[in-house]
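>>> got a predicted structure here, sequence first:
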Amino acid sequence: QVQLVESGGGLVQAGGSLRLSCAASGRTFSIYSMAWFRQAPGKEREFVAAVSWTGSSTFYADSVKGRCTIFRDYGRNTGYLEMDSLKPEDTAVYYCAADLTRRIGLSRSGATYGYWGQGTQVTVSS
């Protein structure tokens, strides 16, 4: 079992930055990859970014590419999503998720990830 706890969300003005954290506990040695998803009111959950737990691979949604950086601190068992140049359309609840299955490449499908955090709200004002 892996437990995930997100933090770092909040209210920020358009053009601002936030760093979201995802602290993992439990069988962290089993984590293969970590991802961030988001869900805005009235919309479906969407993929944001993923990183291999070794840190060697990353993958971004087109909507955030160039504005977000996903990385992890292996020693702290924590994943991060650094978001810059935030836009009002980035407003959503952001969830981190972990995949314990060794697979080829990184997945953007929520069904891949078996462990999820509770989410952290990000609100970007115009």
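That came in fine, so what should we check first?

>>> give me every residue that touches the residue most central in space within the chain.
For the chain, the residue nearest the mean C-alpha position is Trp36 (2.2 Å; C-alpha atoms, centre = their mean). Contact analysis of Trp36 by C-beta atoms under 8 Å, 6 or more residues apart in numbering lists 20, 22, 48-50, 70, 79, 81, 94-97. All C-beta spots, glycine's among them, are computed from the backbone N, C-alpha and C.

>>> also Gly8?
Applying C-beta under 8 Å, 6+ apart, we find Gly8 in contact with 18-21, 120.

>>> by neighbour count, which of those residues wins?
Neighbours here mean other C-beta atoms under 10 Å. Within the contacts of Gly8, the largest count is held by Leu20, at 25 neighbours.

>>> direction included, what does whatever helix or strand Leu81 lives in pair against?
Taking DSSP states H and E as the definition, one finds Leu81 inside strand 78-83. Here strand 78-83 is paired, per DSSP bridges, with strand 18-26 (antiparallel), strand 68-73 (antiparallel).

>>> now those in a markdown table, please, with extra columns for distance to Gly114 and mean pLDDT.
Listed next are the strands paired with strand 78-83 as a markdown table, based on distance: least, C-beta to C-beta, whole Å; pLDDT from 0 to 100:
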| stretch | distance to Gly114 | mean pLDDT |
| --- | --- | --- |
| strand 18-26 | 12 | 97 |
| strand 68-73 | 18 | 95 |
